[in-house]
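Visitor: sequence-free structure coming up:
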């Protein structure tokens with residue numbers, strides 16, 4: 001039961017070997033790594049081709065025109081040949097049991113979508129932050145209010161739920177995809193144990209909610225087809241919970 005791992009890459013030469021090692025260390029080994037270079041200007045593509053030459057499970061794709069993270073991930077989704085699909089950005093890291101425990105939870109809970117808690121680290125992988133512990137279940141209505149699903153721990157049964165694609169919006173593409181999946185099922189299941197490391201970069205926009213408000217509103221208004229009042233309400237609710245999520249995250 002193959003798992004397709006999808007990674008968008010842009011100027012990530014300093015992280016790629018570490019990312020590959022976290023995949024290589026997985027206790028579950030029936031995987032393919034679909035890496036999509038989005039017109040990197042550094043040596044990322046060269047490194048990826050070298051890795052692919054040493055491991056036939058690695059498939060490298062190169063965009064001739066930059067598509068952004070959502071568009072790059074869509075190339076991976078389109079070419080995914082596995083029964084399951086998950087995502088790992090080039091600067092993040094999984095613990096060795098991530099694939100195995102995600103697959104076990106998917107089967108035990110009889111759901112098509114699981115996600116896990118994760119540790120929050122700085123640029124140098126120093127553990128200065130509190131872990132983010134996810135709720136056991138998230139329904140579509142709750143997901144509209146706040147998003148506990150991180151891109152690096154989303155794990156989807158595409159054999160059961162089918163392939164869906166991210167929007168081409170500049171931001172929040174992953175959140176839009178989670179909404180599209182979860183609104184068709186009863187809930188997604190959350191694994192309480194942290195199974196990954198998420199880098200909070202010094203220039204990260206994830207914690208800067210004011211830069212994302214417009215994109216968040218458009219996900220509700222255009223992609224989820226909510227009316228303007230609902231879209232405003234959920235945008236404000238998301239901003240409130242987002243502020244709480246990042247407030248006081250330092251240990």
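Guide: Cool, the structure landed. Here the structure is a predicted model, which means the values were calculated and not measured.

Visitor: residue contacts, the spatially closest residue to residue 188 that is not a sequence neighbour?
Guide: Spatial nearest neighbour of residue 188, chain neighbours left out: residue 113 (4.0 Å); criterion: Cβ to Cβ, 6 or more residues apart in numbering. For the C-beta atoms, the positions are set from N, CA and C on the backbone; glycine is no exception. With contact taken as Cβ atoms under 8 Å, 6 or more residues apart in numbering, residue 113 is in contact with 106, 154-157, 161, 178, 181-182, 185, 188-189.

Visitor: and the furthest pair within these?
Guide: Considering Cβ to Cβ, no two members of the contacts of residue 113 lie farther apart than 106 and 178, which are separated by 15.3 Å.

Visitor: helices or strands up against the lowest-mean-pLDDT helix or strand in the chain?
Guide: For the chain, scoring each helix and strand by mean pLDDT, DSSP states H and E identifies helix 228-246 as the least confident one, at a mean of 88. When contacts are defined as 3 or more Cβ pairs under 8 Å, 6 or more residues apart in numbering; DSSP states H and E, helix 228-246 packs onto helix 140-145, helix 213-218.

Visitor: before we move on, the earlier item: give me the more crowded residue out of residue 106 and residue 178.
Guide: Counting neighbours by other Cβ atoms under 10 Å for residue 106 and for residue 178 shows that residue 178 has the greater number, 24 against 20.

Visitor: so which helix or strand takes in that one?
Guide: Residue 178 is located in helix 173-182, with elements delineated by DSSP states H and E.

Visitor: and that helix, what does it pack onto?
Guide: helix 68-79, strand 113-121, helix 140-145, strand 188-199.

Visitor: got a list of contacts for the shortest one?
Guide: When you say that, I think you mean helix 140-145. With Cβ under 8 Å, 6+ apart as the criterion, helix 140-145 contacts 135, 149, 178-179, 182-183, 188, 220, 224, 234, 237-238, 241.

Visitor: spatially nearest residue to the most centrally placed residue in the chain (excluding sequence neighbours)?
Guide: For the chain, residue 151 is the residue whose C-alpha lies nearest the centre (Cα atoms, centre = their mean; 1.4 Å). In this structure, residue 151 finds its nearest non-sequential neighbour in residue 174, 4.5 Å apart by Cβ to Cβ, 6+ apart.

Visitor: returning to that earlier point: ok, the residue nearest to the centre of the chain to residue 54 distance?
Guide: Residue 151 is 26 Å from residue 54, where distance means Cβ to Cβ, to the nearest Å.

Visitor: these two touch, right, residue 15 and residue 91?
Guide: Yes. Counting by Cβ atoms under 8 Å, a contact exists between residue 15 and residue 91, whose distance comes to 4.6 Å.

Visitor: which other helices and strands does the helix or strand containing residue 46 contact?
Guide: Assessed by DSSP H and E, residue 46 sits inside helix 44-54. For helix 44-54, the elements it packs on are helix 16-24, strand 31-37, strand 58-62, judged by 3+ Cβ pairs under 8 Å, 6+ apart.

Visitor: please identify the deepest-packed of the ones you listed.
Guide: Relative to the other members of those, strand 31-37 carries the highest mean neighbour count by mean count of other Cβ atoms under 10 Å, namely a mean of 24.

Visitor: so where's this structure shaky on pLDDT?
Guide: Residue ranges of the chain with pLDDT under 70: 124-125, 128, 201-210, 245-251.
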